[in-house]
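Asks: Take a look and give me a structure for this.
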Amino acid sequence: MGTWGTGILSDDTARDLYDEFWELYGAGTELSEIRRRIEEEYRASLEAMGEGPLIWLALESAMGVWCP
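Replies: As a prediction, this is how the structure comes out:
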């Protein structure tokens with residue numbers, strides 16, 4: 001995992017998740033399905049004490065744009 005700044009998306013894993021969200025959204029995938037897929041794919045990161053909160057914030061950052 002690499003980090004290059006202090007922002008939520010200044011982390012490789014968080015940025016990958018964010019980009020994947022928009023790829024799936026752009027393909028017409030329902031938001032509930034996107035969240036399910038991301039939670040499954042990033043399960044290990046979500047459960048990691050050091051990464052989990054950042055992953056949740058990245059997901060909220062992506063979803064919050066369209067789903068406040």
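Asks: Do a quick rundown of the strands in this structure.
Replies: For the chain, strands defined by DSSP state E do not occur.
Asks: which regions of it sit below the pLDDT cut-off?
Replies: Counting by pLDDT under 70, the chain contains low-confidence ranges at 1, 3-7, 65-68.
Asks: so who does the spatially closest residue to Phe21 that is not a sequence neighbour touch?
Replies: The shortest distance from Phe21 to any non-neighbouring residue, by C-beta to C-beta, 6 or more residues apart in numbering, is to Ala62 (3.9 Å). For the C-beta atoms, the positions are set from N, CA and C on the backbone; glycine is no exception. Contact analysis of Ala62 by C-beta atoms under 8 Å, 6 or more residues apart in numbering lists Leu17, Tyr18, Phe21, Trp22, Tyr25.
Asks: Counting neighbours, which of those comes out on top?
Replies: The most neighbours of any of those, using other C-beta atoms under 10 Å, belong to Leu17, which has 24 neighbours.
Asks: Quick check: it touching Ala58?
Replies: Yes - the criterion here is C-beta atoms under 8 Å, and Leu17 meets it with Ala58 at 4.9 Å.
Asks: wait, doesn't Leu24 sit right on Arg37?
Replies: Yes - at 6.8 Å, Leu24 and Arg37 qualify as touching, with contact defined as C-beta under 8 Å.
Asks: okay, the two: which has more neighbours?
Replies: Neighbour tally, Leu24 and Arg37, criterion other C-beta under 10 Å: the higher count belongs to Leu24, 18 against 14.
Asks: quick one, what contacts the residue nearest to that one when sequence neighbours are not counted?
Replies: Distances taken as C-beta to C-beta, 6+ apart place Ile34 nearest to Leu24, at 4.7 Å, with adjacent residues excluded. Ile34 makes contacts with Phe21, Leu24, Tyr25, as judged by C-beta under 8 Å, 6+ apart.
Asks: What separation do you get for the last one and Leu54?
Replies: Applying C-beta to C-beta, to the nearest Å, the value for Tyr25 to Leu54 is 20 Å.
Asks: The residue nearest to Leu24 and Ser10, how far apart?
Replies: Taking C-beta to C-beta, one finds Ile34 at 22 Å from Ser10.
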